[in-house]
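>>> Next comes the sequence, and after it the predicted model I'd like to discuss.
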Amino acid sequence: MAVIERKTVRSLPQKDTVVVCSRCGKISKIPLSRTQKRNFLARCTCGHIFRIMVDSRSWYRKPVMIYGKCRFNENEREYPMVLENLSLSGLCFRSPLVKKLQVGDIVHVAFELPDRYRSLITRKGIIRHINQQRAGMEFIQEQCYCKELAFFLQS
Ligand SMILES: [Zn+2]
């Protein structure tokens, strides 16, 4: 039995979005402004079928003050950082590393959630904006759903 591929799309309410077909690469518009559905099947013109999961919660940014570490790559120097806000799809942080960053850079971060398990969260992300010592990052592994992070953001 074929497993239907799932694609999570992040969306603000009433905004259309796009998905990329993983078989043919075609970009299809998903008209979310015309549907209330959060979970439905879509078919690309090439015949590939995938399930669209709409995630509006990932836009919610929780203000936090969490200490963590960040670095360019696995083997490079670690810098301390302070998270200022956090969502399922990204975070904003301050760090001495920010001085060396440019928009578009890929950065690795690691921090513990202040939950009872001190869940370790590690993410790779792309820097989307920089404002003096502060940088905003969007996570690259958008498909991976993190139960601990989702729970923390709702608490
Ligand atoms: Zn296709």
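All right, it came through fine. Every value quoted in this text rests on a predicted model; they were computed, and no experiment measured them.

>>> my guess is Arg123 contacts Val107, does it?
No: between Arg123 and Val107 there is no contact under C-beta atoms under 8 Å: 9.0 Å. C-betas here are computed from N, CA, C, even on glycine.

>>> Check the chain for its longest strand and report it.
Longest strand in the chain, counting residues (DSSP state E): strand 120-131.

>>> Which other helices and strands does the helix or strand following that strand contact?
Next in sequence after strand 120-131, counting helices and strands by DSSP states H and E, comes strand 134-139. Strand 134-139 makes packing contacts with strand 90-94, strand 106-112, strand 120-131 when contacts are defined by 3 or more C-beta pairs under 8 Å, 6 or more residues apart in numbering; DSSP states H and E.

>>> Relative to the whole chain's centre, how far out is the last one?
In this case it means strand 120-131. Distance of strand 120-131 from its chain centroid, counting by C-alpha atoms, centre = their mean, to the nearest Å, is 9 Å.

>>> Repeat that for the second one.
A distance of 12 Å separates the C-alpha centroid of strand 106-112 from that of its chain, computed with C-alpha atoms, centre = their mean.

>>> can you check the first one too?
On the basis of C-alpha atoms, centre = their mean, strand 90-94 is displaced by 11 Å from the centre of the chain it belongs to.
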